[in-house]
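> here are the coordinates; sequence isn't available:
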């Protein structure tokens, strides 16, 4: 008889309706260079940092630190469809986090709507050392932080 372990994760969803096209929304959310400008104390690095450059397998790191004290949030692109390359104008991306401290997945979906686009961000996150009992707290804090970041990214011109 097999034995499997279920890994609990904090889960949350962010739904936004920016007044920009799906292509613009997708490009703004996945312009990783801009993340360094809108997320306090965080710098992103990697070979591909623009949405147009990302491809399945692209890796990047978000380093959050105050001086020498910090952590790396390592992410990998698992799937990617740019709105300009889809038949219906929708875009999507799936990323997974594989750092020592932060684990989980991100699913981004961007679709057209009258007057702009719909952005749907679904995330599962596990922070090493934080008990699963605190997943609801992690979800609330992460949703607020990611929601603020996404709104800032989408407002950039």
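Arrived safely, thanks for sending. Just so you know, these numbers come straight off a predicted model, no measurement behind them. Numbers count the residues shown, from 1 in each chain.

> For the rest of this, base every contact and every neighbour count on C-alpha atoms.
Fine.

> so which strand or helix has the spatially most central residue of the chain?
Centroid-nearest residue in the chain: residue 106, 5.2 Å away (criterion: Cα atoms, centre = their mean). Assigned by DSSP states H and E, residue 106 belongs to strand 102-113.

> For the next helix or strand after that strand, give me every contacting residue.
Downstream of strand 102-113, the first helix or strand assigned by DSSP H and E is strand 116-127. Applying Cα atoms under 8 Å, 6 or more residues apart in numbering, the contact partners of strand 116-127 are 8-22, 25, 101-112, 135, 139.

> can you pull the buried residues of whichever helix or strand comes after strand 116-127?
Later in the chain than strand 116-127, the nearest helix or strand by DSSP H and E is helix 135-155. By neighbour count on 16 or more other Cα atoms under 10 Å, the buried set for helix 135-155 is 135, 138, 139, 142, 143, 146, 147, 149, 150, 152, 153, 154.

> ok, of those, which one's closest to residue 53?
Checking the buried residues of helix 135-155 against residue 53 with Cα to Cα, the nearest one is residue 153 at 17.6 Å.

> Can you verify my assumption that that closest one contacts residue 27?
No: counting by Cα atoms under 8 Å, residue 153 does not reach residue 27; the two are 9.5 Å apart.
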